[in-house]
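1. Next come a sequence and a model predicted from it.
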Amino acid sequence: MSDPASVVVDAENQIVGRLSSMVAKMLLEGKNVTIVNAEKAVISGSKDSIFSEVQEFRGVRSAVNPKNTPKHFTRPDRLMRSIVRGMLPRRKPRGREALKRLKVYVGKPEGVTGETIALEGADANRLSHKYVRLQEVSQRFGGR
């Protein structure tokens, strides 16, 4: 059996939800996917609505045992990985294997090789001014 194809996806100016769903589909098909420039991906919507949802999400805590509070990632690459993770059947063996084939980077590292593709339908260039970059969201979470 040959090694599955390696795909590099540039997340710059890509809508996070659409990009994540397309990446999840590729992972389930057995491809190794690398996402670069994760901090430059965008979330569509007004800043007020997005940041109010971020504050609400950050407030989620366990009243019974604070140690059981969900993790809130602060790095853009971890945020992107968790979004893709939410679109995979991660409790089933094929979903766990698919998640292991995903790599996400901030910026573009030197050693990344593979077929670079541009995803159709996820491009944010047709959006108006109402979007927020993933880097800004991670800064609101407390990242650098």
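-> Perfect, thanks for sending it. Numbering: from 1, shown residues only.

2. Tell me the helix or strand right after the least confident helix or strand in the chain by mean pLDDT.
-> Least confident helix or strand, the chain: helix 47-58 with a mean of 68, by mean pLDDT, DSSP states H and E. Next helix or strand after helix 47-58 toward the C-terminus (DSSP states H and E): helix 76-85.

3. For that following helix, which outside residues touch it?
-> Residues outside helix 76-85 that contact it (Cβ atoms under 8 Å, 6 or more residues apart in numbering): 11, 16-17, 20, 23-24, 27, 35, 38-39, 41, 73, 99, 102, 104-106, 134-135, 137-138, 141, 143. From N, CA and C alone the C-beta is placed, and that goes for glycine too.

4. again, only using 6 Å
-> The contact list for helix 76-85 (Cβ atoms under 6 Å, 6 or more residues apart in numbering) reads 16, 20, 23-24, 38-39, 73, 99, 104, 106, 134-135, 138.

5. Buried residues in that helix, which are they?
-> Under the neighbour-count criterion of 16 or more other Cβ atoms under 10 Å, helix 76-85 has Pro76, Asp77, Arg78, Leu79, Met80, Arg81, Ile83, Val84 buried.

6. What residue, apart from its backbone neighbours, is nearest the fourth one spatially?
-> If I follow you right, that is Leu79. Among residues not flanking Leu79 along the chain, Phe73 sits closest, at 5.2 Å (Cβ to Cβ, 6 or more residues apart in numbering).

7. Let me know the pLDDT of the spatially most central residue of the chain.
-> Nearest residue to the geometric centre of the chain (Cα atoms, centre = their mean): Met80, 1.9 Å. Per-residue pLDDT puts Met80 at 91.

8. Leu134: neighbour count?
-> By other Cβ atoms under 10 Å, the residues close to Leu134 number 24.
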